[in-house]
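1. Please work out how this folds:
(2 chains)
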Amino acid sequence: MNNNLIIETKHLTKRFPMGKGEFTALKGIDLTLGKGEFTGLIGPSGSGKTTLLNIIGSLDSPTEGEVIVMGSSVGIMSAKEAARLRKENLGFIFQSYNLLQVHTVYENVEFPLLLLKLSSSERRKMVHDALEWVGLTDKMKQKPPQLSGGECQRVAIARAMVKRPSLVLADEPTANLDAANSHNILQTMVKLNQDLMTTFLFATHDDKVIGYLRRKIYLKDGLVDKIETA
Amino acid sequence: MKLAIKLAFKNLIGAGLRTWLNVIVLSFSFVMIIAAKGILVGWDRQAKKDMADWEIAGGQYWNANYDPYDAFTLTEAHSVIPGQFKDEIERGDMVPVLITQGTIYPEGRMQSILIKGIDPGQSLLELPTGRLDTAAGALPAIIGSNMARANRLSKGDYVTIRWRDANGTFDAAEILITDIFTTNVPTVDVGQVWIALDSLQSMVLMPGEATILTFRDQENREAGVGDWKLMTYKSLVSEVDEMIKTKSVGQSIFYIILLILALLAIFDTQVLSIFRRQKEIGTYVALGYTRKEVVLLFTVEGAMHAVLAAVTGAIYGIPLLVWLANKGISLGMSSAEFGFTMADTMYPVYSGSLIIGTTLLVMIATTIVSYWPSRRIAKMNPTEALRGKLQ
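-> Presented below is the predicted three-dimensional model:
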């Protein structure tokens, strides 16, 4: 196995039941993603990009084919193994931030580290580092409802990055942000990608995001339409 | 688990008013159950203590024919006091009581009564029998306050008493009410006149005989001595236990309803939480929780209502219960109206086992109703939960 390979999909197919029939969201996707990539799955709604992202994130499983993430096959993983993969190696960034509303910024960012059972001194240092990366050290005691959309997404990035995962999956991360905030967020992610060699995989149809991507995988009706490398 | 508790606490406090409404309702259940149960425990203890002090001491020997529920047995329910008890009686550790049927005529009315003969010098029972030693032109007698009230008798009153002796011959005399005592034990009060034992023995021509022998110490008692059968303390207070058990069932229905109302509120909150917090559930899964761990988190969160309710209940419940325990609860009724031993004022007793038992009961019940709706999370699709799309 190539040591630089983070993701490999082999003839990945995903079907969902729909009424009495089935809807095929992914129709045999073959892809590879290496370490340190800054890549996007691009396509209109219904093209299968979020489904692909969810399967890679071990939140869903393939109907057919194989998905290997960090050397483990997602399709045959137990729920516990999948949870461990997400806990130790993956970071998620969502369109609507998905922050824990009753927790402070600090606690939201600290959460993945609590799951890893790190000591409080380790956690404190790592949370401070992550908040520094996204420029939110002055807001660590505030709660999400007190923050702007851009700030919330920066907290989400810090939460995804705090444990220094190998792979960050970002689903439409700029969809709820204005242009200025979108560029700010993307620049932060580009910097983290370069500094920490973290692999970023986006699902997007936002031109602002597309402009930053080094590899663009265009999906259409559940198939890879074309791949562009900058 | 530690993380689940920490998170659950944070989430619960973060939910604000909704949490506190549930907690307050549940805390009412806590306090009400403990208060109501405490009254029963207090009643039980007080009733047994009063019975021991006034009537049964450490236990009794009954004449084999004696049946307190059948007055017709009294003509046969007497025999000579066994010689082996002589020393014990002289020491004051055993008190013989002779019982016979009689009639009194207060204010020209006829009233059936029990005439009980007891040693005026006894100190085993609380009965003020010393007042039977009063020298008077008539036979000194003491009665309970309920008996006095029912027959409009007062201290110093004379009243005619009639009885039949061992040969079946009727005789009558005047008695003088030398004292009226107040007791919570109706079985030594209602419909009874107490006179000196030797007087009664000579009146009914039963010298040296008795119906009941009440003793101080229960240890090493023979089950039967001649035609006397042993009635242990436990068997004599079993009626109190039965009555408390009956009351307890009725009371349980009341607090089960209260508890169900509180638990319904928590169940409702849990169901709503699971629907309203789908994104949060999906986020937990995305961050590395298994669905089972999320079920645990939500269950702990629901169960923690009981912990907060216990704390809240303690804040206002402890002063309230301590006040009740000291002040007592006046029922405004007399024990005579019920026919069983019951104080006019109840003093609740809150034992450690009552508090721990109630706390465990509420916590287990809360955990079950929290777990029930949370099981649904285990079937959730995390990708749909993340988008809040579940119906």
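2. so where does whichever residue of the stretch 101-250 of chain B sits closest to chain A fall, helix or strand?
-> Using Cβ to the nearest Cβ, the point where the stretch 101-250 of chain B gets nearest to chain A is residue B:248, with a distance of 42.0 Å. Backbone N, C-alpha and C define where each C-beta goes, glycine included. Taking DSSP states H and E as the criterion, residue B:248 maps to helix B:238-276.
3. all helices of chain A, in order?
-> A:49-56, A:79-89, A:105-115, A:120-133, A:149-161, A:179-196, A:207-210 (DSSP state H).
4. now do the stretch 1-150 of chain B
-> With DSSP state H, counting those that start in this stretch, the ranges of helices along the stretch 1-150 of chain B come out as B:2-14, B:17-51, B:86-91, B:145-150.
5. Can you classify residue B:235 by secondary structure?
-> When classified by DSSP: H, G, I helix; E, B strand; the rest coil, residue B:235 comes out as helix.
6. Pull out the buried positions in the helix or strand bottoming out on mean pLDDT in chain A.
-> Lowest mean confidence among the helices and strands of chain A (mean pLDDT, DSSP states H and E): helix A:179-196, at a mean of 88. Within helix A:179-196, the residues that count as buried by 16 or more other Cβ atoms under 10 Å in any protein chain shown are A:181-186, A:188-189, A:192-193.
7. picking up where we left off before, verify the stated contact: the residue of the stretch 101-250 of chain B closest to chain A with residue B:41.
-> No. Using Cβ atoms under 8 Å, residue B:248 is not in contact with residue B:41, being 9.7 Å away.
8. who has more neighbours, those two?
-> residue B:41 (18 against 14; other Cβ atoms under 10 Å in any protein chain shown).
9. Verify the stated contact: the more buried one with residue B:348.
-> Yes. The pair residue B:41 and residue B:348 qualifies as a contact (Cβ under 8 Å) at a distance of 7.1 Å.
10. How about the contacts made by the most centrally placed residue in chain A?
-> For chain A, the residue sitting closest to the mean C-alpha position, by Cα atoms, centre = their mean, is residue A:169 at 1.2 Å. Counting by Cβ atoms under 8 Å, 6 or more residues apart in numbering or on different chains, residue A:169 touches A:53, A:56-57, A:90-93, A:201, A:203.
11. Neighbours of residue A:208, how many?
-> Residue A:208: 16 surrounding residues under other Cβ under 10 Å.
12. Could you pick out the residues of the stretch 251-391 of chain B near chain A for me?
-> Contact residues (Cβ under 8 Å from any Cβ of the partner chain) of the stretch 251-391 of chain B with chain A: B:279-280, B:282-283, B:285-293, B:381-383, B:386.
13. Just the buried subset of those, please.
-> Looks like these have B:279-280, B:282-283, B:285-291, B:293, B:381-383, B:386 buried, using 16+ other Cβ under 10 Å.
14. Show me those residues that map onto helices.
-> Using DSSP H, these in helices are B:279-280, B:282-283, B:285-287, B:291, B:293, B:382-383, B:386.
15. To what extent is residue 158 buried, counted in neighbours?
-> Reading this off chain A. Neighbour count of residue A:158, defined by other Cβ under 10 Å: 28.
16. ah, no, chain B please
-> Burial of residue B:158 is recorded as 15 neighbouring residues (other Cβ under 10 Å).
17. any idea of the pLDDT on it?
-> In this model, residue B:158 is scored at 93, pLDDT.
18. re the thing from before, the helices of chain A: which one's closest to chain B?
-> helix A:79-89 (2.6 Å).
19. Who are the packing partners of the closest one?
-> Using 3 or more Cβ pairs under 8 Å, 6 or more residues apart in numbering or on different chains; DSSP states H and E, the elements in contact with helix A:79-89 are helix B:278-287, helix B:291-327.
20. Sketch out the low-pLDDT regions of the stretch 51-200 of chain B for me.
-> Scanning the stretch 51-200 of chain B for pLDDT under 70 picks out the ranges B:136.
21. Please repeat the previous calculation with a cut-off of 90.
-> B:68-75, B:107-109, B:133-138, B:183-187 (pLDDT under 90).
22. I figured residue B:163 hits residue B:104, correct?
-> No. Using Cβ under 8 Å, residue B:163 is not in contact with residue B:104; the gap is 10.0 Å.
23. I'd like the average pLDDT over the helix or strand residue B:213 falls within.
-> Per DSSP H and E, residue B:213 falls inside strand B:212-215. When pLDDT is averaged over strand B:212-215, the result is 96.
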